[in-house]
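Engineer: heads up, no residue letters with this:
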């Protein structure tokens, strides 16, 4: 029965860190039904989100070794059960029921090739790892650092505020949710940069209007 592992001599080699050297065994049961047995792997074998020791699976089931998703359909050719040639006699020498002992029965039956299925490639390990790491990132400490910079050096505080907030937006785009501390960075940018900037512009405009009125009065 085919052995799935990280390296040779496994029958099916999946070179990923989550896969043990001898991770699991896959036995064809007929059709698209297989018996999947974990061989004491380090990271475990999962079927449809549940960790299993041995279970019957179909090619369409969601199978993963540790955190690595594995599409069994990619390996349907290597693990297909071998075709058995039809013979007119049973093992004990008696004719099989309904079979005639004619020469054509001694020839192996042609085996039709498995249909080629077009499917999208499984997501890469690098993408899954990046999403998992991004989901654990927190910007609370970045917000405290930015607040301290504003207190001592306003311009570096503004620069780091923009840098940290832009990084937090990248994490939000990757994971689909705002990381911790992103709201604090947004509030700091509003109160320490945008509001003072707007007030400064208004003051400049008001001062310009005042200067103009004074010059008009003097002329």
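Structural biologist: Received, thanks. A quick note: this is a predicted structure, and the numbers were derived from the prediction, not measured.
Engineer: In the protein, spot the helix with the most residues.
Structural biologist: Longest helix in the chain by number of residues, with DSSP state H as the criterion: helix 195-218.
Engineer: model confidence over that helix, on average?
Structural biologist: In this model, helix 195-218 carries a mean pLDDT of 84.
Engineer: likewise stretch 64-76?
Structural biologist: On average, stretch 64-76 scores 85.
Engineer: any idea which helix or strand of this structure has the worst average confidence?
Structural biologist: helix 76-79 (a mean of 54; mean pLDDT, DSSP states H and E).
Engineer: pLDDT weak spots in the chain?
Structural biologist: Residue ranges of the chain with pLDDT under 70: 76-134, 219.
Engineer: One more pass at 80, please.
Structural biologist: 1, 75-136, 208-219 (pLDDT under 80).
Engineer: just the helices in it please.
Structural biologist: With DSSP H as the criterion, the chain has helices spanning 76-79, 125-135, 140-152, 154-175, 182-189, 195-218.
Engineer: and those as a markdown table, adding distance to residue 43 and mean neighbour count?
Structural biologist: Any C-beta I mention is one placed from the backbone N, CA and C, and that applies to glycine too. A markdown table is the format used below for those (distance: least, CB to CB, whole Å; neighbours: other CB atoms under 10 Å):
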| stretch | distance to residue 43 | mean neighbour count |
| --- | --- | --- |
| helix 76-79 | 21 | 14 |
| helix 125-135 | 13 | 12 |
| helix 140-152 | 31 | 16 |
| helix 154-175 | 23 | 16 |
| helix 182-189 | 32 | 19 |
| helix 195-218 | 51 | 10 |
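Engineer: show me the residues around the closest residue to residue 9 other than its chain neighbours that make contact.
Structural biologist: Once flanking residues are discounted, residue 9 sits nearest to residue 3: 8.0 Å by CB to CB, 6 or more residues apart in numbering. By CB atoms under 8 Å, 6 or more residues apart in numbering, the residues touching residue 3 are 9, 10, 11, 12, 22, 24, 25, 39.
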